[in-house]
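Participant: pasting the sequence and the predicted model now:
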Amino acid sequence: MSSLSRMLSVLDLFTDEQLTWTAEGITDALKVSLPTGYRYVKMLVDAGLLQRVADSHYTLGPRIIVLDHYIRMADPVLQHGVPFMAELVEKTGLDCVMSGLFGHQVLDTHREFGSTPAKLSYGRGRPRPLFLGAAPKAILSCFTPAQLHKIFDDHQSDIVQAGLPTEWSEFRKYYAAIRKAGHYFSNGELEPNLAALAAPLQRADGRILGAISLVTSVSRMAVIDLTKLTQLLSRAAQDITSRVP
């Protein structure tokens, strides 16, 4: 690993479980010398990627907020998708969420709030479980067999924990059924009180742009016509996909 890569890996240390680090803790985690660790911290602070807080601890810096703004502005899926998300919210009163796949992480990138906003544990920037919930399953259903097999091989423990088939042939059939349906309905799967309907955003050339979901409480979803909701969602997914260059 190059010195630059090692320095940037400091940013990967920050998680929901550990939001602040000392320079000494960073040094130990990266297994570098103390002078090197302090140099990394200083350079990242100077760049605005870290900032010092109380008790000689460091947390992520304000530059990341600025970069997130630029990411939102440059994202073609959001540029073309947000108007259709707003239209779905107006027609259904439900929350509408856009999700994308980044490496092996599914992240929500935007949310339009409905008339009674749902209380979501996950939001923009917080990685979602790969095998639970509507959006991740809609996205994985678009994978080629080779891509899906790699996911299967790399995440065996997560697959077991999610209660999905542990034999490759059955795992593939599970996602093939979702792909054939063109959508996935999650009822209390990720969060017990929430239900979601998701459709994938996939180009004709096979490129996966992400997924779009309608989310509300389980009790509210129970009285909604899912057939009509699926039609609205699928049409919006097609409209978004057709406009993204």
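Facilitator: Noted; the coordinates are in hand.

Participant: gap between D55 and A23?
Facilitator: Going from D55 to A23 by C-beta to C-beta, to the nearest Å gives 12 Å. C-beta coordinates here come from the backbone N, C-alpha and C atoms, glycine included.

Participant: ok, T230 next?
Facilitator: 52 Å.

Participant: and T109, its phi and psi?
Facilitator: phi -110, psi -20 (degrees, to the nearest 10).

Participant: what's around G210, how many residues?
Facilitator: Using other C-beta atoms under 10 Å, G210 has 31 other residues around it.

Participant: helix, strand, or coil at it?
Facilitator: Using DSSP: H, G, I helix; E, B strand; the rest coil, the structure places G210 in strand.

Participant: D55 and A23: which is more packed in?
Facilitator: A23 (21 against 7).

Participant: which residues touch that one?
Facilitator: Residues in contact with A23 (C-beta atoms under 8 Å, 6 or more residues apart in numbering) are G37, Y38, V41, S56, Y58.

Participant: in strands, which of those appear?
Facilitator: Cross-referencing the contacts of A23 against strands under DSSP state E gives Y58.

Participant: for the contacts of A23, which one is nearest P76?
Facilitator: P76 lies nearest to Y58 out of the contacts of A23, by C-beta to C-beta, at 34.0 Å.

Participant: who does the closest one form a beta bridge with?
Facilitator: W21, R52 (DSSP bridges).

Participant: so it sits right up against T22, yeah?
Facilitator: Yes. The pair Y58 / T22 is scored as a contact, 7.2 Å apart, by C-beta atoms under 8 Å.

Participant: neighbour count: these two, which is higher?
Facilitator: Neighbour count, other C-beta under 10 Å: between Y58 and T22, Y58 has more, with 22 against 14.

Participant: tell me the pLDDT of the more buried one.
Facilitator: The per-residue pLDDT reported for Y58 equals 97.

Participant: what residues are up against it?
Facilitator: Neighbouring residues of Y58 by C-beta under 8 Å, 6+ apart: T20, W21, T22, A23, I26, V41, V45, L50, Q51, R52.

Participant: which among those end up buried?
Facilitator: W21, A23, I26, V41, L50 (16 or more other C-beta atoms under 10 Å).

Participant: so what's the last one closest to, chain neighbours aside?
Facilitator: Here the nearest residue to L50 in space, its sequence neighbours aside, is L44; by C-beta to C-beta, 6 or more residues apart in numbering that works out to 4.2 Å.

Participant: now swap in the second one and tell me
Facilitator: Here the nearest residue to A23 in space, its sequence neighbours aside, is V41; by C-beta to C-beta, 6+ apart that works out to 4.7 Å.
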